[in-house]
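S.K.: Model the following, please.
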Amino acid sequence: MSFRTDHAPSRTALPAPLPGRRPRLSWVDLVVAAAVLVLLYVTLRVGQGTTVSFHPNQSVEVDTDPSRLPYDAARSLLRMFFALAAATVFTFVYAYAAAKSRRLERILIPALDILQSVPVLGFLTVAVTGFIALFPGSMLGLECASIFAIFTSQAWNMTFGFYHSLISLPRELDELSRSFRFTRWMRFWKVELPSGAIGLVWNGMMSFGGGWFFLVASEAISVNNKNYALPGVGSYAGAAIVDGDLGRVGWAIATMAVVVIGVNFLFWRPLTAWAERFKNEQSEATEVQRSVVLDFLRRSNWPHLLGRALRPAGQVINRAGRIFGTDDQPLVIDTARRRTADLVFALLAGGLIAWGLFDLGRYLHDRTGLGVFGEPLLLGLATLARVVVLVVVATVIWVPIGVWIGFSPKLTRIAQPLVQILASFPANFLFPLAVWFFLRTGLSIDVGGILLMALGAQWYILFNAIAGAMSIPSDLREAMDDLGVRGMQRWKRLIVPGIFPAYVTGGITASGGAWNASIVAEVVTFGTTTLTATGLGAYIAQATESGDFPHLLAGVAVMSLYVVALNRLVWRRLYRLAETRYAL
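M.R.: So this is what the prediction gives:
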């Protein structure tokens, strides 16, 4: 569904086949079919390696022969896309539940704050043991643990963004849905999902980059003094860094760059160009996003044939969706019953949370004593200072650049692959350069760690600024041009209100991403040289590597406390401001 209300044909539109005539297959259709078959073959061939035999106590060595990099890159890509698919489904279900249920929102959104703050290594500690037990004797257990770790680096950003698009749906679209008596199923697919499509695509792209950032930690896993490794670019780079082999680190960097550019050209660029159709505007923009791959696919008959084949199934699903009710039905609320239900819900949820906290406190008291929280609380202040500096500096630098990129389709075509490469670059790949730079200049890792944390966090602000600028209707921009509104007045009247909701999403995920990135940024190792910063990230990383579960739990709990407090005091208030004042 397109939100454009004009009826002018798009410059890239192709004439529709005449009714009753079967479209003839052309060479374009043959190329598309061949590409799909090759993709399926490569996926099945690479996927065979995920089911080989494996024993948890066997030693694993990573082969750093450069000739293995194409296969390793394919394995990493397969994990990334499986994790992205899982994150997308999670986003739809979780964000919708939080946006549509007042009671669930009180639990799900704070829980999302906590989940975002739990570092990837914290999830891995539990995931590796659980998945190995679930798939005994098979590499599939480690694969699932790695995919789950990548999923945890992708899902939270996408969920926050889509949740905000649901609660800030434009009023005219809400009225349209109610006027046409859409079922709630149709409302989601025809109104709510298209309204948040641009932000969802750009947040998905950013989340995909976040998966690359933690790829080394997800593929070369050190838990409880045991080392597990999977074939992939991340584990290859991790082994080369441990060996101090700069040449093979360079090969890993080159492979990563090629893969990121290829994925951007073949997947993200067509997706962002396609999402342009969901802009909420009264007239078509003079410049639109373009993609060679998307234009090629539009020349193929396969989408039309596939859509016609799936139409009966879609109609059945739409009819089945009527069980969810329609939008025009009035909601009758019994105040007394509502208060009673709220009280019961609060007692049950509060009881479960209290029981969990009590059980955690008892576990730590029996093993280390509750004084274990003292050190991570103090170390968290150092990491908090780095996070605040990073978010402020990233806002000042990247918001203007993101608006500049988002307002120019030509510039977006140039900047998108570059930004995607920068956002996808794992901090571990820069450890050799970082160690050399810190030792050569005498810069403390306590300060230099901010630069490494920025590699995994600042891009959330940039990507959301771009998405917010792209979502501003072209007719509003043209009206500002006609009125001669320029400079700071333009920022005050158009740009800040237009991008503010997207920026808040970027800020809250950048803050959480910075805490997560501290795990790999506060302990820098290359060869036999290790630099350790004073901070909560280094505390958790060391506890994970040594298998010290009490200290690991204490560190994760304190990090969650800091993130939730920051979100409650700052970002949630900005969320409400964006919802009440800056919704289109």
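S.K.: Now stretch 367-386: buried residues?
M.R.: Residues Thr368, Val372, Phe373, Pro376, Leu379, Gly380, Ala382, Thr383, Leu384, Arg386 are the ones in stretch 367-386 that count as buried (16 or more other CB atoms under 10 Å). Backbone N, C-alpha and C define where each C-beta goes, glycine included.
S.K.: which one among these gets closest to Tyr163?
M.R.: Leu384 (24.8 Å; CB to CB).
S.K.: From what I see, Ala538 and Thr525 are in contact.
M.R.: No - using CB atoms under 8 Å, Ala538 is not in contact with Thr525, being 11.4 Å away.
S.K.: Between the two, which has more neighbouring residues?
M.R.: Neighbour tally, Ala538 and Thr525, criterion other CB atoms under 10 Å: the higher count belongs to Ala538, 25 against 17.
S.K.: sec struct for the more buried one, please.
M.R.: Secondary structure state of Ala538, per DSSP: H, G, I helix; E, B strand; the rest coil, is helix.
S.K.: Against Trp156, how distant is the residue nearest to it when sequence neighbours are not counted?
M.R.: The spatially closest residue to Ala538, leaving aside those adjacent along the chain, is Glu522, at 3.9 Å (CB to CB, 6 or more residues apart in numbering). For Glu522, the distance to Trp156 equals 21 Å [CB to CB, to the nearest Å].
S.K.: that older thread, check the burial of the residue nearest to Ala538 by counting its neighbours.
M.R.: Counted with other CB under 10 Å, residues neighbouring Glu522 total 28.
S.K.: Which residues are in contact with it?
M.R.: Listed by CB atoms under 8 Å, 6 or more residues apart in numbering, the contact set of Glu522 reads Thr383, Ile445, Gly449, Thr532, Ala533, Thr534, Gly535, Gly537, Ala538, Ala541.
S.K.: let's go with 10 Å and repeat that
M.R.: 379, 382-383, 386, 445-446, 449, 452-453, 531-542 (CB atoms under 10 Å, 6 or more residues apart in numbering).
S.K.: circling back: and the buried residues of stretch 367-386, which is the shakiest by pLDDT?
M.R.: Within the set of the buried residues of stretch 367-386, pLDDT is lowest for Thr368 (76).
S.K.: Quick check: chain neighbours aside, which residue is closest to that residue?
M.R.: Leaving aside its sequence neighbours, Thr368 sits nearest to Pro550 (CB to CB, 6+ apart; 4.6 Å).
S.K.: Look up the closest residue to Leu173, ignoring the ones flanking it.
M.R.: Val191 (5.2 Å).
S.K.: Then Ile109?
M.R.: Ile109 sits nearest to Ala98 (CB to CB, 6+ apart), 5.6 Å away.
S.K.: Give the helix, strand or coil label for the one you found.
M.R.: helix.
S.K.: what's the neighbour count on Phe162?
M.R.: Phe162 has 26 neighbours, counted by other CB under 10 Å.
S.K.: Quick check: mean pLDDT of stretch 396-403?
M.R.: The predicted model assigns stretch 396-403 a mean pLDDT of 90.
S.K.: Please point out which parts of that stretch sit buried.
M.R.: Trp398, Val399, Gly402, Val403.
S.K.: sorry, back to before: separation between the residue nearest to Thr368 and Leu476?
M.R.: 55 Å.
S.K.: Phe267 and Phe208 touch, don't they?
M.R.: Yes - the criterion here is CB atoms under 10 Å, and Phe267 meets it with Phe208 at 8.8 Å.
S.K.: Between the two, which contacts overlap?
M.R.: Counting by CB under 10 Å, 6+ apart, the residues touching both Phe267 and Phe208 are Phe81, Leu84.
S.K.: who's more crowded, the two?
M.R.: Phe208 (27 against 15).
S.K.: Look up how far Tyr503 lies from that one.
M.R.: Counting by CB to CB, the gap from Phe208 to Tyr503 is 20 Å.
S.K.: Wasn't Pro231 part of a helix?
M.R.: No - judged by three-state DSSP, Pro231 forms no part of a helix; its state is coil.
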